[in-house]
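S.K.: Sequence and computational prediction follow.
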Amino acid sequence: MMTILKFANPILGLVIAPFLLGVINRTKAVFAGRTGQPLLQPYYDIWKLLRKGAVYSRTTSWIFRAGPVLGLAVTLTAALLMPFGGIPAAIAFKGDLILFIYLFGLMRFFTVISAMDTGSSLEGMGASREVTFSAMSEPALLIGLAAIAKCTGYISLTQMFSSVVPELWLRSGPALVLAGVALLIVFLAENCRIPVDDPNTHLELTMIHEVMALDHGGPDFGFILYSAALKMWLLGQILIGIAVPIHTGNVWLDTPAAIAGMLLLAVVVGVIESSMARLRLLHVPQLLIGATTLSVLALVLR
Amino acid sequence: MSLFLWGLAIIIIGGLASLFSGRKPGLATFLGSVSVVVGSVIAVVPAFKVLLTGSIESLQLNWSVPSGSFFIQIDPISALFLIPILGLTAVAAIYGAEYLWAYREKKNLGVPWFFYNLLLAGMMLVVVARNGLLFLVAWEIMSLASFFLVTFEYEKPMVRQAGWIYLIATHIGTAFLIVFFILLGRHAGSLDFDKVSEIPSSLASILFVLAVIGFGTKAGFMPFHVWLPYAHPAAPSHVSAVMSGVMIKTGVYGLVRALTLLGMPPVWWCWALIAIGAISGVLGVLFALAQHDLKRLLAYHSVENIGIITIGLGVGLLGINMNSPTLAILGFGGGLLHVINHAVFKGLLFLGAGAVLHSSGTGHIDLLGGLIKRMPVTAFTFLVGSIAISGLPPLNGFISEFLIYLGVFKNGFAGGFESIIPALVVIGSLALIGGLALACFTKAFGVIFLGEPRSNYAKQVHEVGFCMKSSMVILATLCVLLGICSPWVIKSAENVIFEITSIPLETIQTELAATSAVLMNIVIISLVLLGLTITFAVLRKLMLSTRGIRQVGTWDCGYAKPDARMQYTAASFAQPLTDLFKMFLRSLKKISPVKGIFPAQSAFHTDTSDISEKYMYQPLFSWVSSSFSRLRWLQQGRLQIYILYIALTLWILLIWKLM
Amino acid sequence: MILALLLIPVIAAVLSLIVRNDILRRIILIVTAISHTAITITAWSVEPSVLWNGWLMLDKPGLLFLTITSVLFLACSFYAFGYLAGEAKSKKQVFEEETFFTNAPEAIFCACVEGFLATMTLVTVSQHFGLLWVAMEATTLASAPLIYFHRHHRSLEATWKYLLICSVGIALALLGNFFMVIAATKPASEGTAIVLNALIGQGHNLNIQWLKAAFLFFLVGYGTKMGLAPLHTWLPDAHSEAPSVISALLSGALLNCAFLGILRCYQVCSAAGEAQFCQGLLVLFGLISIGWAAIFILGQADYKRMLAYSSVEHVGILALGVGIGAGATFGAMLHAVNHSIAKAMLFMTAGNIIAVYKTKTTKDVRGILSVAPITGVLWIAGFLAISGIPPFGIFVSEFTIAKAMIEQGRIGIAVAFLAILAVVFVGMSAAFLNMAQGPKNNDLQAKDRPAVAFTILPPIALGAIALMLGLYIPPVVNDLLHSVASVIGGY
Amino acid sequence: MNNAADIIMIFLVLTNLMLLGLSRLGACIRFVALQGVALGFLPLILNHWDMEVHLVIFSIVIISLKGIVFPWMLNRTLRELASQREVEPFIGYGISIIAGTITLVMCMWLSSRLPFPEPLMSPLIVPVAFFTIMSGLFLIISRKKALTQVLGYLVLENGIYAFGVALVGKQPMLVELGILLDIFVAVFVMGIAIFHINREFDHIDTDQLSRLRS
């Protein structure tokens, strides 16, 4: 039982993650007064893509094909490090949060070079923006997590989140709030949501993440969508881990609470996307630097 | 020790033999490279022995030079540095045999091989010397040999300038070291290191500053790094690899050695090292990002990595200061592991850059593109190196950074507010460095190897030959192995850390065992990642096997006549980041913007010169030279004035001394 | 033995004037040099007898400077053999101008060189201050025609300056001698003869005020000859306009001889308990010289002048070393050896460069390494040797001097010393490296004079010695240097 | 006989001041010759006209050299110079004399700092010898022509001679040898050099001799 439980998070992620996208889309649709897509639309999309053939640019090399595969593999591996609700991570050790963050770095590396493999100026531009913003968000993320680590006294994700209980909120609430806001901004940036990126526009010049995948199609694009969903799922759990301090130790209580929290987060994202406009690209770094500042404040606060 | 001396002798004799057989390029190459490889293999045996057993081998002979003695010793610290020195130099020698072969018509190949061997011999002596004078002599032999290697293609003005700047920088750095050793010797009563003990704290701080400047100039600390971006691109690539991979590490070695001699560190040393490391790291990678020349870019990355190493040392020192073994062990462990890791991946990257240069004829990133198709091995190994240097799992670069992070996360917040600031600096700068390095290497790899060729240089390339390929493959394999075997590698550091920190060996062993267990988890994760990747790759293959795959042109938004020159260039790729940090970079931009309804031409060009060079050294130099030239009227040719000088001197002396 | 040392060159000089055959004259030159060196080497093991009531005696400092002179002369004689063979007898063009000139007769050249050797030998063996002074004056006379070997405006100007400035200096030194006599005079007695040992023996009975004045005059007088700034003004002109082989002798041997003159007086002052007084002055002049040299080395347009200024710098270091005292005295003595060898090597190499490029302008000489590889290598090696880069000997001596400074706690001086050395290094490196490495001039004609063994081997040999002294100092040399240092007041 | 020594010293001071103020080269040569002759008698005066053989010979040599040979040689050189016979000073005559006076005072001071161990024939010897030396230097420094510089050197030489003869009589070899050698340098070697200069440059303005610089 425990063995299966260990892999609960990857499995749950594989199952639920695309659903979050559906929730976000539905929320936006509700705000816009539309019916919107079915909630399960992302699953249909991925399924459809996986069954398709592929079209490749003559310019590309094996890098282009390796990118999506590696991206999915990385996100799934990262899922092994992330506890969910009351379920501890499959592999937990001191400092695993660093590995967790750097794994996404590896994924980004391949996403970016597979975009550049096409030789398209548009994808090059997207890649350029991606690395710019991620370079800014990484310190925010690491320092934010360091702040939480300092509050909880643990540096393993599993222990860290399981010790976020209401008492901790009472004791070091301000730090957690600051870190939480910082992490939310990072979450939005990393997952290419408004106000950093707009996943829905189809004007190449304004996009970041989507434009990097312009040339991908078929199963490759399916992998990309899936890994993007998973990434959102995983990063979301950091937020949930702080914001939902329900860690009673009872798996059957904690896990549903966490899932509920994830859905709520999806709704919140939907609300943000509906109520805000995308920032000018020039202002994004300011936002991310702001996030870093919040993280720093969270760290230095007693 | 005798094996070490044998290796040294073989290397020196091989170099001399190569010099004297210069007219026969084949023989010279053979003698030079084989003696390096054989000598290294022989000399590395005692190094490994010392590293693993912790025993110390030493030899002391008289030397007729005043206050000098031929006192050499291999202790774990020396051994730790000897191993990458010997290893990388040997691998690069294999590479160099082929790389230099192209010059056999124009140049006497005996000369570069002689200096190459001499460089290796110098580095070997530097890390084992235990006498100040011997150290300085070895240090300068090393610097000189590398200077002559840098100016190998001295017909080119750029190369000459690079060599000159390097020579000046290293000389000025050495001046600080001279003072350092004399002051140290003055206190100890002898220039032998083993006589040093109990240095009073005020002297220790002066010595620390001298060591940081002197050794930092060689290592490439900001702002003493100015020579690096010139020297590395100018040198032949295998030499750049050695210089960047291990020679600048002798500066780190010197600093570590100095720290072991200077006793208990005050807290401001730790802060200073962390600050220097953070500044070097962040600015190094920023400047790298703004470069257009591949080897210059790599040179700035050396500054960055030296910064990371220094952060590690600073954290370790902080551990000693705060009496926190965990912090000390992980800091020094990470920093020193990064020394080895950087040697491997930076060596690899320079060799890759050399392969590109060798076959395309240019190192200008924006003229290349699409090389992966014609140079698959080079591309693959370069990719491995890029991932490693960006500090991404599962390769070796991540491991050493991870250790530093781990130390800070584990114990960095323990000391109250005072320790939070350095911890914050460490975490923030490492994270920023990581993100920027990723940007930089996706740029380098992406623009050079991917996409379409941007010029004729890139169209005519071909894969390099066996020697060059094999040495790159060796290093790439090492990148992976050092990552995968890190749980065992880190355990071998116990003697080194003991030597530096004097923490009880048991504590070190316990801490390292715990660390090793952590690293084991990382290895497992890496294997899982590998398994999943293979699984998905197979899955994808299966999915696509039954379906149609078409080859078309890249999607270009419907543009009518796409052209290879329309690809995103390195300059554009880096532009958002360089703009963001323009306060530090101060790039010169030349833009001729688009005008009119049917714009004919527009251009964008950036040029980033080094700030410390531009705003610090150049003004200083021109101030000195202008104030000197203002004094040149003193010798204006008139006999009368000259006699006047004599009369005045006489009168002044008479009045002054007989008053 | 001392007489042999003195007479052999004199006889050779006379013979050179008589002999008509050029080749024979050159052979005489070489034979003289070899026999002189042979006797000098013998003097290392067999102590020469004292002559003329102790007026002539070869003590340790004398032996050291005699050996330097003799060895350099040996190298220079071989070099001169090749040099004279290569000098055209007809009219030649001055490099810097459109005018033409001829050389002085070779007989005069040979006779003067040999006379120069004789006078320098006399300097090293004189124990009597008056005799020392005569010898010093005689070196000026013997060397002035050598500087005017190329008979054109520029060398004439240099010779004129050399003559007048050195004569003024030497006249002041004569006054110093008189002062010394007065210092040694006791009322109503004969007084002490101004022989070194006698004066040292009488040390505490000397009249301090006059002795101080004597030292000041010696310092200014011989300092002019030695090239201490700001008295050195003749030096760059003479060194740059003289034939390179003569420059080598002037710089390597003559400056040391003048330094010996100052050292002799310093010995007396130490015996009188006034060492501090002298040392302060030596440090001051040392620093001024190094600094002055640095000013003119940076951006110097003429490479022989650059070498000349480098000599100013190095005599400054000598003075500084002795002025610091203690361990630095040994360093200074070692430095005298190292500098002479390295500088002579450089001047000889510069001569070879001039033979190929026909110019002394730094910027017109490019790519020596590709035009004349051995010369190029020698040029770079000489540069490294002279700027004190290990493993060349000057590093060791400069290090020793710096070490003594720091050990005495004179940090400011040490910092200034190292900083100025760094500036000098910057200035010299730019010139030397561009000369050796730059792209070669396309309009350079084929070598007019092939670098023959006679002009190549001496600098190679000197270079080898310079290198050796950085890695290994033979025990005999070490002992001699130590005893010299202890005589002069260090250890 | 102290008065005789004093008179010679006073004469030296006056000639020095004259030399500083004179504009004609010919006159300068004559004054230097006069100084030489006066100094030639100095050894005899100091030895109370005690006619020792070597002293007499020394005096005769000095007088004939300084009083006859040099002036004749310098005059011959002067005749060969076609045009200018002016001294051509950098520093004007008036100022030169003022400077000379100041120098004299300073020399007085200097001699007061260097008390002679034995009683002297004339207390003026030390300051005047210094003053002569400094005047010589001043002439070299402040005049343009090479010939004037030789003259200046001779004056300087006279000062040293006065000093040597007056004070260092106990070591006769030293003084005589030194002085003869110096004179030899001054006249023969410099004379030869001036001859060459004259031939090469057609004049002896040392203005032209300042091409080698920095």
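M.R.: Okay, I see it. Numbering: from 1, shown residues only, chains lettered A, B, ... in the order given.
S.K.: Was I right to think C:I182 contacts D:F116?
M.R.: Yes. Using Cβ atoms under 8 Å, C:I182 is in contact with D:F116, at 7.0 Å. Heads up, the C-betas are built off the backbone N, CA and C, glycines and all.
S.K.: which of these two has more neighbours?
M.R.: Neighbours per residue (other Cβ atoms under 10 Å in any protein chain shown) separate C:I182 from D:F116, with C:I182 holding more: 25 against 17.
S.K.: ok, and the closest non-adjacent residue to the more buried one?
M.R.: Once flanking residues are discounted, C:I182 sits nearest to C:W210: 4.8 Å by Cβ to Cβ, 6 or more residues apart in numbering or on different chains.
S.K.: which ones are touching the one you found?
M.R.: C:179-180, C:182-183, D:114, D:117 (Cβ atoms under 8 Å, 6 or more residues apart in numbering or on different chains).
S.K.: Now intersect those residues with the helices, please.
M.R.: Applying DSSP state H to the contacts of C:W210, the entries found in helices are C:179-180, C:182-183.
S.K.: Could you say which of those residues is surrounded by the most neighbours?
M.R.: C:M180 (29 neighbours).
S.K.: So it is in contact with C:L211, correct?
M.R.: Yes. Look at C:M180 against C:L211 with Cβ under 8 Å: they come within range, at 7.3 Å.
S.K.: Please identify every residue contacting each of these two.
M.R.: Residues touching both C:M180 and C:L211 by Cβ under 8 Å, 6+ apart: C:V268.
S.K.: what pLDDT does residue 182 get?
M.R.: No chain was given, so I picked chain A. Note on A:A182: pLDDT of 92.
S.K.: my bad, the chain I had in mind was chain D
M.R.: 69.
S.K.: show me where the chain has helices.
M.R.: Here I'm looking at chain A. A:2-6, A:8-32, A:41-50, A:62-79, A:96-116, A:121-152, A:157-162, A:166-190, A:209-212, A:218-243, A:251-275, A:284-300.
S.K.: hmm, I had chain D in mind actually
M.R.: Secondary structure of chain D (DSSP H): helices at D:2-21, D:25-40, D:42-46, D:53-62, D:70-80, D:93-113, D:125-142, D:146-167, D:172-184, D:190-201.
S.K.: Grab the nearest non-local neighbour of A:I63.
M.R.: In space, and not counting its chain neighbours, A:I63 is closest to A:D117: 4.7 Å by Cβ to Cβ, 6+ apart.
S.K.: and the one you found, what does it touch?
M.R.: Contacts of A:D117 by Cβ under 8 Å, 6+ apart are A:59-61, A:63-64, A:67, B:446, B:450-451.
S.K.: go on, D:M9?
M.R.: D:122, D:124-125, D:128, D:162.
S.K.: The same query, at a cut-off of 6 Å, please.
M.R.: Counting by Cβ atoms under 6 Å, 6 or more residues apart in numbering or on different chains, D:M9 touches D:122, D:124, D:128.
S.K.: how much space between it and chain B?
M.R.: Separation of D:M9 from chain B (Cβ to the nearest Cβ, to the nearest Å): 21 Å.
S.K.: pLDDT weak spots in the stretch 251-400 of chain B?
M.R.: Within the stretch 251-400 of chain B, no stretch has pLDDT under 70.
S.K.: if I look at the spatially most central residue of chain D, how far off is D:P43?
M.R.: When chain D is reduced to its mean C-alpha position, the closest residue under Cα atoms, centre = their mean turns out to be D:V155, at 1.4 Å. Going from D:V155 to D:P43 by Cβ to Cβ, to the nearest Å gives 19 Å.
S.K.: Any residues of the stretch 501-650 of chain B in contact with chain A? List them.
M.R.: Contact residues, the stretch 501-650 of chain B versus chain A (Cβ under 6 Å from any Cβ of the partner chain): B:518, B:521-522, B:528-529, B:532-533, B:536-537, B:540, B:543-544, B:547-552, B:554-555, B:566-568, B:573, B:576-577, B:580.
S.K.: Now list the buried members of those residues.
M.R.: B:518, B:521-522, B:528-529, B:532-533, B:536, B:540, B:543-544, B:554-555, B:566-568, B:573, B:576-577, B:580 (16 or more other Cβ atoms under 10 Å in any protein chain shown).
S.K.: Give me the domain ranges for chain B.
M.R.: B:287-540, B:565-607, B:611-658 (automatic domain parsing).
S.K.: List the contacts of residue 78.
M.R.: All of this refers to chain A. By Cβ under 6 Å, 6+ apart, the neighbours of A:A78 are A:100, A:103, A:234.
S.K.: let's do chain D instead
M.R.: D:L25.
S.K.: show me what contacts C:Q93?
M.R.: So C:Q93 contacts C:F100 (Cβ under 6 Å, 6+ apart).
S.K.: Distance check, the closest residue to chain A within the stretch 151-300 of chain C against chain B.
M.R.: Per Cβ to the nearest Cβ, C:L298 is where the stretch 151-300 of chain C lies closest to chain A, at 43.8 Å. Using Cβ to the nearest Cβ, C:L298 is found at 5 Å from chain B.
S.K.: Do I have it right that that residue meets C:G427?
M.R.: Yes. With contacts counted by Cβ atoms under 6 Å, C:L298 reaches C:G427, the gap being 3.8 Å.
S.K.: count of residues packed around residue 228?
M.R.: Picking chain A for this. 25.
S.K.: um, chain B though
M.R.: There are 30 residues near B:L228, going by other Cβ under 10 Å.
S.K.: so what's B:G110 closest to, chain neighbours aside?
M.R.: Per Cβ to Cβ, 6+ apart, closest to B:G110 is B:G22, 2.6 Å.
S.K.: Can you name the helix or strand that the one you found falls in?
M.R.: According to DSSP states H and E, B:G22 maps onto no helix or strand at all.
S.K.: In the chain, where is pLDDT below threshold?
M.R.: By default, I'm working from chain A. A:1-2, A:201-206, A:302.
S.K.: ah, no, chain B please
M.R.: Looking at chain B by pLDDT under 70, you get B:415, B:558-562.
S.K.: No further queries at this time; thank you.
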